[in-house]
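Q: Give me a 3D structure for the following:
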Amino acid sequence: MSRLQRSNASDMNGLAPSPEERFLSYKKAMHEQLIASMDLAALRTLSEEELRLECRRVAEELARLNSDLLSLGERERLVNEVLDETFGLGPLEVLMRDSTITDILINGPKTVYIEREGRLEATDVAFHDDRHLIQIVQRIVGKVGRRVDETVPMVDARLPDGSRINAIIPPLALDGPLVSIRRFGTSPLQMADLLTRQALVPDIVRFLAACTKARINIIISGGTGSGKTTLLNALSAFIPSGERVATIEDAAELRLQQPHVVRMETRPANIEGTGKVTTRDLVRNALRMRPDRIIVGECRGPEALDMLQAMNTGHEGSLTTIHANDTHDALSRLEMMVGMAGFDLPLWIIRRQIASAVQIVVQLARLSGGARKVIKVSEITGMEGGDVISMHDMYVYKQTGVDDSGNAQGHFRATGIRPKCLEKLETAGVCLPVEVFEERTLNA
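A: As a prediction, the model looks like this:
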């Protein structure tokens with residue numbers, strides 16, 4: 001009697017399992033049998049493709065020996081899922097192959113949600129137990145030199161396709177491992193895709209493209225999942241190809257479209273508590289690498305001071321993102337983060353640094369129904385009264401309500417204010433027609 005048959009027989013001793021429970025039991029037993037039957041010493045000489053073919057051959061043979069227990073369709077599904085367990089991400093593989101899924105949210109081994117088109121959906125995907133889920137997470141983060149276990153129960157890393165994974169396991173997670181995967185797809189969204197999705201309108205694109213080409217410093221602000229990184233990737237298309245761009249991130253997810261990009265990623269401390277490399281360390285090091293622009297994936301701490309210094313010392317055209325609810329709140333958060341750098345700087349000096357370094361702040365939001373939109377484009381115009389940063393809005397999105405499906409409804413408007421940076425745009429050879437800034441409702 002094979003192990004699969006013994007597994008089936010043992011099920012008969014208690015309550016009859018459901019077809020799906022029986023299938024999962026077969027899959028677990030077959031995975032163990034596949035590992036046990038392989039000659040690991042001989043397999044080390046094979047390429048990855050040859051190894052997959054050999055494992056498929058063995059798995060199909062094991063499934064054929066149990067053909068009386070499984071239908072032809074079940075056998076093929078069993079073989080594919082066992083190979084996913086052996087080489088891939090186990091139960092996550094079916095979700096990772098679906099390009100329409102933007103987020104995978106795992107609340108313990110038996111509860112998995114996805115986000116599709118801005119809406120959350122429950123799935124029937126499940127792991128065997130906590131140990132199974134933790135093994136999959138360890139396989140993912142191990143490939144990029146990260147670790148997660150009881151001594152380091154939190155991890156932030158990236159998948160080979162650029163997607164970002166965050167995991168927190170027991171004892172910090174009380175009801176089983178918690179995993180969030182932010183998908184970015186095989187190719188990043190271009191500005192044309194954002195226009196199609198009505199995340200912004202052509203006049204806003206023309207202005208932001210001009211600012212990017214003219215080396216104007218831009219901060220992209222918004223909440224979690226509002227599309228900050230997506231917009232940053234799209235704007236990078238307007239950076240001239242002859243410039244050297246340095247990118248700095250916690251978990252690398254930016255995919256810039258220039259030929260001369262140097263990418264850097266932070267590193268957590270090792271098991272001895274040493275070797276940690278922070279965003280601030282990388283920003284300071286990037287200044288010695290002769291970059292034309294520096295792009296920080298997200299400012300969230302004392303690195304904000306170094307980023308402002310870079311913007312003020314010849315690295316114009318730099319970009320970064322920040323978590324904030326409004327363009328004015330973004331400046332308040334910058335002030336707070338600069339204060340975290342450990343220097344006892346007067347508030348008026350910090351504000352002068354911000355007003356001098358940053359010219360444009362773009363606010364994004366995720367609205368009702370899941371739509372992501374640019375809801376405000378603001379320009380910093382200088383200081384008022386010596387200690388107050390002055391700012392005006394050039395473009396805004398006004399939500400007027402929701403439709404029967406719960407989707408946000410509204411329109412974009414130009415406020416009629418001509419930007420102060422228009423002279424710098426013209427000096428850089430980027431000219432925009434006056435009608436781009438005329439007060440009116442903008443067509444999507």
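
Q: Show me which strand runs longest in the protein.
A: Longest among the strand segments of the chain by residue count, using DSSP state E, is strand 388-402.

Q: which secondary structure elements does the helix or strand following that one contact?
A: Heading C-terminal from strand 388-402, the first helix or strand you meet, by DSSP states H and E, is strand 408-414. Strand 408-414 sits against strand 388-402, strand 440-442, with contacts defined as 3 or more C-beta pairs under 8 Å, 6 or more residues apart in numbering; DSSP states H and E. Placement of C-beta: from N, CA and C, glycine included.

Q: circling back: pull out the CA atoms of the longest strand of the chain and give them to me as CSV.
A: As requested, the backbone C-alpha atoms of strand 388-402 are provided in CSV (Å, rounded to 0.1, in the frame of the first residue of the first chain):
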residue,chain,number,x,y,z
VAL,A,388,5.8,79.9,7.6
ILE,A,389,6.0,77.9,4.4
SER,A,390,3.7,79.3,1.7
MET,A,391,2.0,76.9,-0.8
HIS,A,392,-0.7,77.1,-3.4
ASP,A,393,-2.7,74.4,-5.2
MET,A,394,-2.6,74.3,-9.0
TYR,A,395,-4.7,71.2,-9.7
VAL,A,396,-7.3,69.5,-7.4
TYR,A,397,-9.7,66.6,-7.7
LYS,A,398,-13.1,67.3,-6.3
GLN,A,399,-15.2,64.3,-5.3
THR,A,400,-18.9,64.9,-5.7
GLY,A,401,-20.3,61.6,-4.5
VAL,A,402,-20.4,57.9,-5.3
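
Q: Given that strand, what are its sheet partners and their directions?
A: strand 372-384 (antiparallel), strand 408-414 (antiparallel) (DSSP bridges).

Q: now for those strands, which one comes closest to residue 134?
A: In terms of C-beta to C-beta, the element of the strands paired with strand 388-402 nearest to residue 134 is strand 372-384, at 32.2 Å.

Q: To residue 321, which of the helices and strands packed on strand 408-414 lies closest?
A: Closest among the helices and strands packed on strand 408-414, using C-beta to C-beta: strand 388-402, at 18.1 Å.

Q: quick one: buried residues of that closest one?
A: 389, 391, 393-397 (16 or more other C-beta atoms under 10 Å).

Q: same question, stretch 293-313
A: Residues 293-300, 302-312 are the ones in stretch 293-313 that count as buried (16+ other C-beta under 10 Å).

Q: Just send the strands paired with strand 388-402 back as JSON lines, with distance to residue 209 and mean neighbour count too.
A: Below are the strands paired with strand 388-402 laid out as JSON lines (distance: least, C-beta to C-beta, whole Å; neighbours: other C-beta atoms under 10 Å):
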{"stretch": "strand 372-384", "distance to residue 209": "12", "mean neighbour count": "21"}
{"stretch": "strand 408-414", "distance to residue 209": "16", "mean neighbour count": "17"}
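
Q: Reformat the ones you listed as a markdown table; add mean pLDDT and distance to residue 358.
A: Below are the strands paired with strand 388-402 laid out as a markdown table (pLDDT from 0 to 100; distance: least, C-beta to C-beta, whole Å):
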| stretch | mean pLDDT | distance to residue 358 |
| --- | --- | --- |
| strand 372-384 | 93 | 6 |
| strand 408-414 | 93 | 21 |
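
Q: okay if I get these as a markdown table plus distance to residue 188?
A: What follows is the strands paired with strand 388-402, written out as a markdown table (distance: least, C-beta to C-beta, whole Å):
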| stretch | distance to residue 188 |
| --- | --- |
| strand 372-384 | 14 |
| strand 408-414 | 23 |
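
Q: neighbouring contacts of the longest strand of the chain?
A: Strand 388-402 is contacted by residues 203-204, 207, 327-328, 331, 351, 354-355, 361, 367-369, 373-384, 408-415, 417, 419, 437, 442 when judged by C-beta atoms under 8 Å, 6 or more residues apart in numbering.

Q: hang on, the earlier thing: right, so of the strands paired with strand 388-402, which gets closest to residue 137?
A: Set against residue 137 and scored by C-beta to C-beta, these come closest in strand 372-384, at 27.5 Å.

Q: Restricting the selection to alpha carbons, write the closest one to PDB.
A: Extracted C-alpha coordinates of strand 372-384, given in PDB (Å, rounded to 0.1, in the frame of the first residue of the first chain):
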ATOM      1  CA  ARG A 372      -6.400  55.800  -7.100                       C
ATOM      2  CA  LYS A 373      -6.200  59.400  -8.100                       C
ATOM      3  CA  VAL A 374      -4.000  62.500  -8.000                       C
ATOM      4  CA  ILE A 375      -6.200  64.700  -5.800                       C
ATOM      5  CA  LYS A 376      -3.900  67.700  -5.500                       C
ATOM      6  CA  VAL A 377      -0.800  69.200  -7.100                       C
ATOM      7  CA  SER A 378       0.700  72.000  -5.000                       C
ATOM      8  CA  GLU A 379       3.700  74.300  -5.400                       C
ATOM      9  CA  ILE A 380       5.800  75.600  -2.500                       C
ATOM     10  CA  THR A 381       6.400  79.300  -3.200                       C
ATOM     11  CA  GLY A 382       8.700  80.300  -0.300                       C
ATOM     12  CA  MET A 383       8.500  81.600   3.200                       C
ATOM     13  CA  GLU A 384       5.900  83.900   4.700                       C
END
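
Q: now that strand: how far from the chain's centre is it?
A: Strand 372-384 has its C-alpha centroid displaced from the chain centroid by 24 Å (C-alpha atoms, centre = their mean, to the nearest Å).

Q: same check, this time on stretch 312-327
A: 18 Å.

Q: Show the low-confidence segments of the chain, by residue range.
A: 1-28, 30-52, 54, 58-59, 62-63, 65-87, 185-187, 444 (pLDDT under 70).

Q: domain assignment for it?
A: By the assignment in automatic domain parsing, the chain contains the domains 3-87, 92-182, 191-442.

Q: And the strands in the stretch 101-250 of the chain?
A: Using DSSP state E, counting those that start in this stretch, the strands found in the stretch 101-250 of the chain span residues 101-107, 112-116, 119-122, 154-158, 164-168, 178-182, 218-222, 245-249.

Q: Need those strands in CSV (columns: distance to residue 289 and mean neighbour count).
A: Formatted as CSV, the strands of the stretch 101-250 of the chain follow (distance: least, C-beta to C-beta, whole Å; neighbours: other C-beta under 10 Å):
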stretch, distance to residue 289, mean neighbour count
strand 101-107, 33, 19
strand 112-116, 37, 18
strand 119-122, 41, 11
strand 154-158, 22, 20
strand 164-168, 24, 20
strand 178-182, 28, 21
strand 218-222, 21, 26
strand 245-249, 6, 24
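
Q: okay, the ones you listed in TSV with distance to residue 427 next?
A: Listed next are these as TSV, based on distance: least, C-beta to C-beta, whole Å:
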stretch	distance to residue 427
strand 101-107	40
strand 112-116	44
strand 119-122	46
strand 154-158	39
strand 164-168	38
strand 178-182	39
strand 218-222	18
strand 245-249	22
